[in-house]
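**Q** What shape does this take:
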Amino acid sequence: MRDLFELNLRHLDALSVIDRAGSMSAAAEQVNLSQPALAQAVAKIEEWLGERLFERQPKGMVPTAAGRILIMRIDRALHYLRQGVRLVRRAARLSPIAHIEQRITMSQVRALIAVEGTSSYAVAAKSTGLSQPAVHRAVRDLQELLDHALFVRVGRAVRPTEVASRLVRFARLMLSELRAGLDDIDTLGAGQGGHIRLGALAAARAMYLSELLGDFAAAHPGASVQVIEAPYGELLNDLRQGDIDLFIGALRDIPPARDIVQESLFDDYPVIVGGASHPLRNKTSLSLDDLLSAPWVIPSRGVPMRANWERMFTNHGAEPPRLRIESGSVLITRGLLLKGDWLTLMSRDQFLFERIAGALIEIGAPGAVLRRHIGLTRRMDWHPTSLQAAFVELAHRLAEKRHQKIP
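**A** Purely as a prediction, here's the structure:
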């Protein structure tokens, strides 16, 4: 597997300059490298990629298909890096640094991300495979270049400053763009390869997501999908810093960040679920008293399911009962339902196998009051690879196909 940190930011910038300048000699002047050194840098990147990036033609250096893909991603990646540095300099009330991409090294970026993520130089050194002095030196050199403190020591730990955490976000976005470039290059020719990092919330309808992943794998046998299951807040953070490409789950009525976009797939109508021996199992119609007196396990506030559960009571003029257990974990919730007289709200797909096995049953179906919008969440400035675009298109197509089947 290719390691992005082996790349040289100055040399990547030079590829973009060659494209704009149209010749190696004109570009060499702009990036302050000799023409032989620049040619060697290009050859090294081509060898690392296993792809030719430029063709020599009478009109000058012309990028190949792989070259055009990589240069577009380099431009986006370096734009993120410049944005991050600009934030740091602005916080220190300092003027911008020209051509910062020619002065920051990948070693500095790696050390910054590692120390910010671990709050320890020792742990950062272990996770990166660098020596501790090398990590110290990389962070120190970066701080001197930016003329702003990135970390402060608190006891035996190091704490990132606010600007350091913001800079890390843009550094991660830079790496995400470079990864996307490699993925798109890998899909050239036979169209095989590529990778998608997909976040998934519990509300993503287990059967829908399984069908989506199965259909996608069949259509793209050379591609791989990494599914990351986590709470909404974690997925949102990972999305905004480029660690995942998109996630699927219940949409928020008001997007929690201005830099994300929500795309609706379908509506979901959860039902009331309990154990097979629940006292309410034989009731054909649940009363408000039945629902008020039952013990519930429901996610914490801020989750659409919680708001819908509360609305189920307030629409009938009643205060929701006190929750003794708040949990968004499907595993914990299932365990409670199987062991006692607890109730919860679930999509029918979420307990399909337990229902077939006779372990969990549907107690009631409140209907439209519990409706949730399920969809994709992505970054507003996300530029998907061809593989990622195909995944999104399939997600919408499959959702439309299943639309009539949703209760």
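**Q** doesn't Arg172 make contact with Glu116?
**A** No. Between Glu116 and Arg172 there is no contact under C-beta atoms under 8 Å: 9.9 Å. C-beta coordinates here come from the backbone N, C-alpha and C atoms, glycine included.
**Q** which element follows the one helix or strand Glu310 maps to toward the C-terminus?
**A** Here Glu310, judged by DSSP states H and E, is contained in helix 304-314. As assigned by DSSP H and E, the chain's next helix or strand after helix 304-314 is strand 325-326.
**Q** Pull the residues that contact that next one.
**A** For strand 325-326, contacts defined as C-beta atoms under 8 Å, 6 or more residues apart in numbering pick out Pro295, Trp296, Val297, Ile298, Pro299, Ser300, Leu336, Trp342.
**Q** Show only the entries of those found in helices.
**A** Counting by DSSP state H, these place Leu336 in helices.
**Q** for stretch 21-35, which positions count as buried?
**A** Residues of stretch 21-35 classed as buried: Ala21, Met24, Ala27, Ala28, Val31, Leu33 (neighbour count, 16 or more other C-beta atoms under 10 Å).
**Q** Which two of those residues have the greatest separation?
**A** With C-beta to C-beta as the measure, no two of the buried residues of stretch 21-35 lie farther apart than Ala21 and Leu33, at 12.5 Å.
**Q** Provide a list of residues in contact with Thr100.
**A** Careful, residue 100 is Ile; it's not Thr. Ile100 makes contact with Leu81, Arg82, Val85, according to C-beta under 8 Å, 6+ apart.
**Q** Using JSON lines, please lay out those together with pLDDT, distance to Ala122 and neighbour count.
**A** Output for the contacts of Ile100, formatted as JSON lines (pLDDT from 0 to 100; distance: C-beta to C-beta, whole Å; neighbours: other C-beta atoms under 10 Å):
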{"residue": "Leu81", "pLDDT": "96", "distance to Ala122": "27", "neighbour count": "22"}
{"residue": "Arg82", "pLDDT": "95", "distance to Ala122": "31", "neighbour count": "18"}
{"residue": "Val85", "pLDDT": "94", "distance to Ala122": "27", "neighbour count": "24"}
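**Q** now the residues you listed as CSV including secondary structure?
**A** Output for the contacts of Ile100, formatted as CSV (DSSP: H, G, I helix; E, B strand; the rest coil):
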residue, secondary structure
Leu81, helix
Arg82, helix
Val85, helix
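**Q** and which of these is nearest to Arg372?
**A** Leu81 (38.1 Å).
**Q** do you know how far the closest one is from Lys59?
**A** Remark: distance between Leu81 and Lys59 (C-beta to C-beta, to the nearest Å) = 31 Å.
**Q** Same check on Pro231?
**A** For Pro231, the distance to Lys59 - C-beta to C-beta - is 54 Å.
**Q** Can you name the residues that contact the residue lying closest to Ser264 once chain neighbours are set aside?
**A** Take Ser264 and drop its neighbours on the chain: the residue closest to it by C-beta to C-beta, 6 or more residues apart in numbering is Gly375, 4.3 Å away. Listed by C-beta under 8 Å, 6+ apart, the contact set of Gly375 reads Ile248, Gly249, Leu251, Gln262, Glu263, Ser264, Leu265, Phe266.
**Q** that older thread, would you mind checking which of the contacts of Ile100 is nearest to Thr284?
**A** The shortest gap between Thr284 and any of the contacts of Ile100 belongs to Leu81, at 63.1 Å (C-beta to C-beta).
**Q** Check the secondary structure at Ser277 for me.
**A** Assignment for Ser277 (three-state DSSP): coil.
**Q** burial count for it?
**A** 11 (other C-beta atoms under 10 Å).
**Q** dump the residue contacts of it.
**A** Ser277 sits next to no residue when contact means C-beta under 8 Å, 6+ apart.
**Q** Need the pLDDT of it.
**A** Note on Ser277: pLDDT of 94.
**Q** Ramachandran coordinates for the nearest residue to Asp147 once chain neighbours are set aside?
**A** Excluding the flanking residues, the one nearest Asp147 by C-beta to C-beta, 6+ apart is Leu94, at 5.8 Å. Dihedral angles of Leu94 (phi, psi; degrees, to the nearest 10) stand at phi -110, psi 160.
**Q** Kindly provide the distance from Leu94 to Ala111.
**A** Remark: distance between Leu94 and Ala111 (C-beta to C-beta) = 22 Å.
**Q** for Ala21, same thing?
**A** Look at Ala21 and Ala111: by C-beta to C-beta, they are 32 Å apart.
**Q** Check the offset of stretch 386-403 from the chain's centre.
**A** 18 Å (C-alpha atoms, centre = their mean, to the nearest Å).
**Q** Kindly apply the preceding question to stretch 176-183 instead.
**A** Worked out by C-alpha atoms, centre = their mean, stretch 176-183 lies 14 Å from the chain centre.
**Q** Dump the C-alpha coordinates for that stretch into PDB.
**A** Taking Å, rounded to 0.1, in the frame of the first residue of the first chain, the C-alpha atoms of stretch 176-183 are listed here in PDB:
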ATOM      1  CA  SER A 176      -8.200  12.900   1.800                       C
ATOM      2  CA  GLU A 177      -7.900  14.700  -1.600                       C
ATOM      3  CA  LEU A 178      -4.600  13.000  -2.400                       C
ATOM      4  CA  ARG A 179      -6.100   9.600  -1.500                       C
ATOM      5  CA  ALA A 180      -9.000  10.400  -3.800                       C
ATOM      6  CA  GLY A 181      -6.600  11.100  -6.600                       C
ATOM      7  CA  LEU A 182      -4.900   7.800  -6.100                       C
ATOM      8  CA  ASP A 183      -8.200   6.000  -6.100                       C
END
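**Q** helices and strands around the helix holding Glu310, which ones?
**A** Applying 3 or more C-beta pairs under 8 Å, 6 or more residues apart in numbering; DSSP states H and E, we find helix 304-314 packed against helix 288-293, strand 297-298, strand 343-346, strand 372-379.
**Q** Spatially central residue in this structure, please.
**A** Ile244 (2.2 Å; C-alpha atoms, centre = their mean).
**Q** circling back to that earlier point, so which of the helices and strands packed on helix 304-314 is nearest Glu144?
**A** Glu144 lies closest to strand 372-379 among the helices and strands packed on helix 304-314, at 31.7 Å (C-beta to C-beta).
**Q** and that closest one, average pLDDT?
**A** Across strand 372-379, pLDDT averages out at 94.
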